[in-house]
Structure formats: C-alpha cells, structure tokens
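A.B. asks: What would the 3D arrangement of this be:
(2 chains)
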Amino acid sequence: MSLVEARGLRFNVRALGDGPPVVMLHGLLTGSIASWYLTCAPRLARRWAPLLVDLRGHGRSDRPPDGYGATSLAADLAALTDHLPPFPIVAHSYGCIVASRFAAAHPDRVRGLALVEPPFGLELDPDLDVAAITSAGRGLSARRAADLRGLVETTSLLADVAAEPELSDAEITALPAELLVVFGDRSPCRVGVGAVHRSRPDAEVVLLPGDHEVHTQSVGPLAELLDTFLDRCAVPVGPRVAQA
Amino acid sequence: MTDPLVPFDEAVATIGRLLVEVVGEDYLLDVEIAPQTSFAEDIELESIDLVALTEQLELTYGQEVDFAGWIADMELDDIIALTVGDLAGFVVRSVRGEPAA
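C.D. replies: Now for the predicted structure:
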C-alpha cells in the first residue's frame, strides 16, 4: 500500500501512468480508489498520470471519528497534493462537492473540473437510506457491508455531510473555466442539469447511459470524454471572464 | 510451464499469500486458493482488495506487472470475473516480457 501522511492521518494513494497529473476522487461510503482504478483510470493512464486517493474513512485510509464534511475532505486533498503542479480533478458523486470546495479554496491549483454525478440541488437526506446502502447482497459482501456500517456508526460522517452547506449557484458559477459535468441518463442526480445550465451555461454537460454509477456503466464513452477534457485542461488559459 | 522465470504455480501460491496479507487469515480460513478460484464469486473479494492485491503483486514482481495497463481495455464485468489463474497467467507473461493480453 502506498500510505501517505497528511493532516495527521495516513491516506491510501495510488499513482498511475506518466504525464500531466489528474486527481481522481470517489464518492462517499461505497466509493474508494477502486471506483476509478477499475474503470476509467487505466485508460487515462496511457496519456496522463492519474492520482487516486481513498478519502478519509474509506478504502484503506485511516478512519478518524470526524472531519467528513466536504470542506474538511478538500483540506485533506490540499495536503495530499501540495507537491503537484496545477491539475485537473475528475470526481464522482460527493467527491464533486469536495473537488468544488477545493477549487474554491485553491483556484490557482486547479486546471479544471470533470464532475460525474454531482449531487447538485439534491437535499442530502440525513436519514439517507444507509441501511440499504450498507446491507450485504446488492453487490456488497457481508464483510464490506459491516465495514461500511462501521464507517457510519463510528464516525460523524452523516452529520458532517448534512451540516455541510449545499453548493450555491454562485459557487457553481465560480467553478473553474474548464468544466465538464456528466450525469447518468437514469440517475436522480440529473436534476442538477438545471443548476449547471443556470449558473454555468458555458459548461459542457453530457448524459451517458447509466444511473448514479454511470462511471462503472459507461466506462468507454466516459474515458473518451475525460481524455478530451484533459486535453483542454492542458492548454493554459487566462482568468475566466465573469458571466454577466 | 517451460520458462522458469516465474512458474505459474509459484504465481498462484504468491497470489494466495498476498491475499492473506490483504484481507487477513481469518477471512480466508477454509478457502483453498486454486487457479480456478474466482475473486468475486468464490472469495467475495472486494474491489478495494483487488486493487491492494495487484499493488502487492507489482511490489513483489516489479513494474513489468502493470495491472492497470492490462485491464485498460477490459469491461468491468470481465475484471470482476477474473480468477486467480487469470491473474497468475498475467504475472507470468508480464515477468517474461510478453504481451499481457
């Protein structure tokens, strides 16, 4: 395991490929390094250097009792990537909120954002159907289900996420110039298309076949989109002209 | 196996040993690791553990064992359906410098 220390915790990170860096973030609970490692990251690694991170509490990273809100996770990311030149971020689900908060705090360090299934405009239900997410069967082994229940029961994750303010339209407007947003055509997150169109009409918005797990269901088309997006990010751009 | 660089059986045994390191002995109790053992079906290996296992393989056998490069063109279903023998064969070919596929 490649364990890297940051903010007093050990994080499991995995670096692939050669080339300009791209940081790839997973979603909460069932997400981990594997979310991208077993899907788009190997294809991107032919031209880029994906850096995959297990967020705190997830995968093989340390599991502290608190600090699971997007702002705190973005601070983890800042510490883990302070050796990198400015990079684009590819993120799934809640990782999109983390990436957005990171970009807001460190605009000079982010080349662009590719947000896959961002939960924009969705109330994060504090009573989220965790029982369903963390029960065995449904693709989860008993061991993994128990691990996820542990994450929910022994940390403040749910409370932290519920306490984190939603991304406002103004914050979406202020996201980096290079902005790609991908939704699954059968996903409830699709409602976020409205917020993106309203706040960032210039952003590229793409629907791909799939639900919230579209990154595992449309791997080929998504990897191609991301590859093109990363090309755009590699071209230096001036400061974005504010939308009127 | 005629090439002794990394005999197939040794790769299978190494995968079994690394699996214990990754998921723990208790979990693999009473499970025989054989070439036909499917990671997902037979031992319910989780994706995060598969990633950790392949990292250990790369540390054991060197950078030629490029798991990400091997799976880049696979569908997720095929990756999930991998057996110990598939992975061992990939290791053997990689160490010999043969194409992984």
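
A.B. asks: Show the contacting residues for residue B:68.
C.D. replies: Residue B:68 makes contact with A:16, A:17, A:37, A:41, A:42, A:45, according to Cβ atoms under 8 Å, 6 or more residues apart in numbering or on different chains. Every residue, glycine included, has its C-beta placed from N, CA and C.

A.B. asks: In space, what's closest to it - neighbours in sequence excluded?
C.D. replies: Closest residue in space to residue B:68, ignoring its immediate chain neighbours: residue A:42 at 4.0 Å, by Cβ to Cβ, 6 or more residues apart in numbering or on different chains.

A.B. asks: Tell me the confidence at residue 48?
C.D. replies: Picked chain A for this. As predicted, residue A:48 sits at a pLDDT of 97.

A.B. asks: To clarify, I was referring to chain B.
C.D. replies: Model confidence at residue B:48, given as pLDDT, is 90.

A.B. asks: Please apply the same query to the one 5 residues further on.
C.D. replies: Among the per-residue scores, residue B:53 holds a pLDDT of 95.

A.B. asks: ok, it - how many residues close by?
C.D. replies: Neighbour count of residue B:53, defined by other Cβ atoms under 10 Å in any protein chain shown: 20.

A.B. asks: do you know how far it is from chain A?
C.D. replies: Between residue B:53 and chain A the distance is 11 Å, computed by Cβ to the nearest Cβ, to the nearest Å.

A.B. asks: Helix or strand: which one has that residue?
C.D. replies: Using DSSP states H and E, residue B:53 sits in helix B:47-61.

A.B. asks: Now do the buried residues in that helix.
C.D. replies: Buried residues in helix B:47-61, counted by 16 or more other Cβ atoms under 10 Å in any protein chain shown: B:47-58, B:61.

A.B. asks: Is the residue nearest to residue B:68 within a helix or a strand, and which one?
C.D. replies: Assigned by DSSP H and E, residue A:42 belongs to helix A:41-44.

A.B. asks: got it, and residue A:4?
C.D. replies: With DSSP H and E as criterion, residue A:4 is part of strand A:3-6.

A.B. asks: Parallel or antiparallel, list what pairs with that strand.
C.D. replies: With DSSP bridges as the test, strand A:3-6 is paired with strand A:9-15 (antiparallel).

A.B. asks: Let me know the angle separating the strand it pairs with from helix B:47-61.
C.D. replies: Inter-element angle recorded for strand A:9-15 and helix B:47-61: 70 degrees (by axes from the mean of the first three to the mean of the last three Cα atoms, to 10 degrees).

A.B. asks: so what's residue A:129 scoring on pLDDT?
C.D. replies: Note on residue A:129: pLDDT of 61.

A.B. asks: Over to the one 5 residues further on?
C.D. replies: The score at residue A:134 is 66. That number is its pLDDT.

A.B. asks: swap in residue B:68?
C.D. replies: pLDDT recorded at residue B:68 is 95.

A.B. asks: quick one: it is in a helix?
C.D. replies: Yes: with DSSP: H, G, I helix; E, B strand; the rest coil as the criterion, residue B:68 is part of a helix.

A.B. asks: Could you list which residues are in contact with the residue nearest the centre of chain B?
C.D. replies: When Cα atoms, centre = their mean is applied to chain B, the residue found nearest the centroid is residue B:87 (3.6 Å). If a contact means Cβ under 8 Å, 6+ apart, then residue B:87 has B:11, B:15, B:39, B:54, B:57 as its contacts.

A.B. asks: Can you say which helix or strand has residue A:216 in it?
C.D. replies: Going by DSSP H and E, residue A:216 is part of helix A:214-217.

A.B. asks: And for residue A:23?
C.D. replies: strand A:21-25.

A.B. asks: Only the buried residues of the host helix or strand of residue B:22, if you could.
C.D. replies: Using DSSP H and E, residue B:22 falls within helix B:8-23. The neighbour-count check on helix B:8-23 (16+ other Cβ under 10 Å) flags B:11, B:12, B:14, B:15, B:16, B:18, B:19, B:22, B:23 as buried.

A.B. asks: what does stretch A:72-80 give?
C.D. replies: For stretch A:72-80, by 16+ other Cβ under 10 Å, it's A:72, A:73, A:74, A:75, A:76, A:77, A:78, A:80.
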